[in-house]
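Peer 1: sequence first, predicted coordinates after that:
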Amino acid sequence: MNIGEAVRERILELCEQRNISINKLCHMSGVTQSTVNNIISGRNNSATVSTIQKLCDGLGITIEDFFHSERFRDLEQEIK
C-alpha cells in the first residue's frame, strides 16, 4: 500500500465510524468536494498536509489521530 491509498482508506474509515458521507465531511471541514473526490478516487495520491489538517479539524481529531492507524505502518517506499 502506498501513502495515497492509506490516506484514502483512512478518510473512508473515519467517515464510516462517524456515519457521515464524504459530502458531509466536505461541509464540516471546508475542503471542496472536488478535492476530496480526487483523493477518494485515487486521482490525487498526494493530498497536502494542509488538506489533511482541514479534514481532521472537520472530524474533530488531531493530525496525530489521523495517522495513528495500522494503515500507515509498513507503507511502500516512495523513492526506489
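Peer 2: Looks like it came in fine.
Peer 1: C-alpha only now, for contacts and for neighbours.
Peer 2: Will do.
Peer 1: which helices and strands does the top helix by length along the chain pack with?
Peer 2: In the chain, assigned by DSSP state H, the helix with the most residues is helix 3-18. For helix 3-18, the elements it packs on are helix 22-29, helix 33-41, judged by 3 or more Cα pairs under 8 Å, 6 or more residues apart in numbering; DSSP states H and E.
Peer 1: report the inter-axis angle for it versus helix 22-29.
Peer 2: 90 degrees (axes from the mean of the first three to the mean of the last three Cα atoms, to 10 degrees).
Peer 1: quick check: closest non-adjacent residue to N45.
Peer 2: G4 (4.2 Å; Cα to Cα, 6 or more residues apart in numbering).
Peer 1: residues in contact with the longest helix of the chain: which ones?
Peer 2: By Cα atoms under 8 Å, 6 or more residues apart in numbering, the residues outside helix 3-18 that reach it are 21-22, 25, 39-40, 42, 44-47, 66, 69, 71-72, 75-76.
Peer 1: mind listing what's buried in that helix?
Peer 2: Judged by neighbour count using 16 or more other Cα atoms under 10 Å, the buried positions of helix 3-18 are I3, G4, E5, A6, V7, R8, R10, I11, L12, C15.
Peer 1: kindly report the same for stretch 47-63.
Peer 2: A47, T51, I52, Q53, K54, L55, C56, G58, L59.
Peer 1: now it - C-alpha only, CSV.
Peer 2: Provided in CSV are the C-alpha atoms of stretch 47-63 (Å, rounded to 0.1, in the frame of the first residue of the first chain):
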residue,chain,number,x,y,z
ALA,A,47,-3.0,15.2,-0.5
THR,A,48,-1.3,18.1,1.2
VAL,A,49,-0.8,18.2,4.9
SER,A,50,-2.9,21.3,4.9
THR,A,51,-5.8,19.5,3.3
ILE,A,52,-5.5,16.6,5.8
GLN,A,53,-5.4,19.0,8.7
LYS,A,54,-8.6,20.6,7.5
LEU,A,55,-10.3,17.2,7.2
CYS,A,56,-9.0,16.4,10.8
ASP,A,57,-10.4,19.7,12.0
GLY,A,58,-13.8,18.9,10.5
LEU,A,59,-13.7,15.4,12.1
GLY,A,60,-12.7,16.9,15.4
ILE,A,61,-9.4,14.9,15.6
THR,A,62,-5.8,15.8,15.6
ILE,A,63,-3.5,15.0,12.7
